[in-house]
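Visitor: Just need the structure, nothing else, for what follows:
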Amino acid sequence: MGHALRIGVPGEFNPAFPGHVKIRTSLEDAARKLGIAASCEWVATPAITRENAAEVLGGFDGIWAPPGSPYENKEGMLAAIEFARTNDWPFLGTCGGCQYTLIEYARNVLGISDADTAEDDPNSKNAIVIPVSCAVPNRQPGDPKLVGASTVRLKPGSRLLAMYQRGEAQEEYFCNFEVNAAYRPRFEATGLTVSATDPDGEARAVELAGRRFFVATLYQPQRSTEPEKPHPLIVSYLDATRQFHLERKTITNQAR
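Guide: The predicted structure follows:
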């Protein structure tokens, strides 16, 4: 390809957090499998607004909303997700990035202007994201309620199932919050479908149809990728960014 794909990561990088460090290495693993090069660049959330999102993020080939909530600037994260969704940029959200994907969609598509997470506002009347109801047994003191590897079931006919090529997978979590099931019918009625659940049917991933790539997972696929076995979701995401880069390059060349 000659050009290293550039992935924009809105958020505040913490080198002590494996879910952050593994974003870069998981992209490198996926790029190696695809025979291309890729890099990621973190963009602090205070630097992003609805007004400047295109300027700040438009040079990237894809957007990855990472773990890390609460972010330094909630509105900056929401603006980044809105930019990716409305402009059809290849998008992946993981853990906190998934939670904020749901909030952005609820606010700007469902019209729930005060949609929020119980982490930020425990008294919210429209908490789209709520505390995990059933904690993982035998977890270490201080660990989140949802931590470690757990089974996810992939929805038949979903894009996610096509990526995995199997009906179940073991995925890594590190979070205290999950999707409020009361809002699930409204999400799905407008196209944001639940494409992975836990064995009890709780939502664990969503995808938006009609997009180049728009997937958000409560789990962190970057935690379970390996150099010789890159995660299929991240490989698929990076391949979508490659196709997007080539499309834009072709359009630019034709305009000259």
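Visitor: count of residues packed around residue 166?
Guide: 9 (other C-beta atoms under 10 Å). Any C-beta I mention is one placed from the backbone N, CA and C, and that applies to glycine too.
Visitor: Tell me the secondary structure at it.
Guide: coil (DSSP: H, G, I helix; E, B strand; the rest coil).
Visitor: Which parts of the stretch 101-250 of the chain are helices?
Guide: 159-164, 184-189, 232-255 (DSSP state H, counting those that start in this stretch).
Visitor: Check what contacts the second one and list those residues.
Guide: Helix 184-189 is touched from outside by 102, 105, 106, 110, 193, 194, 203, 206, with contacts defined as C-beta atoms under 8 Å, 6 or more residues apart in numbering.
Visitor: Kindly recompute the last result at 7 Å.
Guide: Outside helix 184-189, the residues within contact range by C-beta atoms under 7 Å, 6 or more residues apart in numbering are 105, 110, 194, 203, 206.
Visitor: Find the residue ranges of this structure scoring beneath the pLDDT cut-off.
Guide: Counting by pLDDT under 70, the ranges of the chain that qualify are 1-2, 134-139, 252-256.
Visitor: give me that answer again for 90
Guide: Residues of the chain meeting the criterion pLDDT under 90: 1-4, 69-70, 132-149, 248-256.
Visitor: Just say which of the helices of the stretch 101-250 of the chain is most tucked in.
Guide: helix 159-164 (a mean of 18; mean count of other C-beta atoms under 10 Å).
Visitor: what's that helix in contact with?
Guide: Here helix 159-164 has contacts from 154, 155, 195, 196, 205, 207, 215, 232, 233, 236, using C-beta under 7 Å, 6+ apart.
Visitor: 10 Å instead?
Guide: 152-155, 158, 167, 169, 193-196, 204-209, 211, 213-215, 217, 221, 231-237, 239 (C-beta atoms under 10 Å, 6 or more residues apart in numbering).
Visitor: Which ones among those residues map onto strands?
Guide: If you go by DSSP state E, the contacts of helix 159-164 have 152-154, 169, 193-196, 204-208, 214-215, 217 in strands.
Visitor: Of those, grab the buried ones for PyMOL.
Guide: PyMOL command restricting those to the buried ones, with burial defined by 16 or more other C-beta atoms under 10 Å:
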select buried, resi 152+153+154+169+193+194+195+196+204+205+206+207+208+214+215+217
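Visitor: Can you tell me which of the ones in strands among the contacts of helix 159-164 is closest to residue 60?
Guide: residue 214 (15.0 Å; C-beta to C-beta).
Visitor: Not counting sequence-adjacent ones, nearest residue to the closest one?
Guide: Nearest non-adjacent residue to residue 214, counting by C-beta to C-beta, 6 or more residues apart in numbering: residue 208, 3.9 Å away.
Visitor: Quick check: bridge partners of the one you found?
Guide: residue 192 (DSSP bridges).
Visitor: Which one of the helices of the stretch 101-250 of the chain lies nearest to residue 63?
Guide: That would be helix 232-255 among the helices of the stretch 101-250 of the chain, by C-beta to C-beta, at 9.2 Å.
Visitor: The residue nearest the centre of the chain is in what secondary structure piece?
Guide: The residue lying closest to the centre of the chain (C-alpha atoms, centre = their mean) is residue 93, at 0.7 Å. Using DSSP states H and E, residue 93 sits within strand 91-94.
Visitor: Adjacent strands (with direction) for that strand?
Guide: By DSSP bridges, strand 91-94 pairs with strand 62-65 (parallel), strand 214-217 (parallel).
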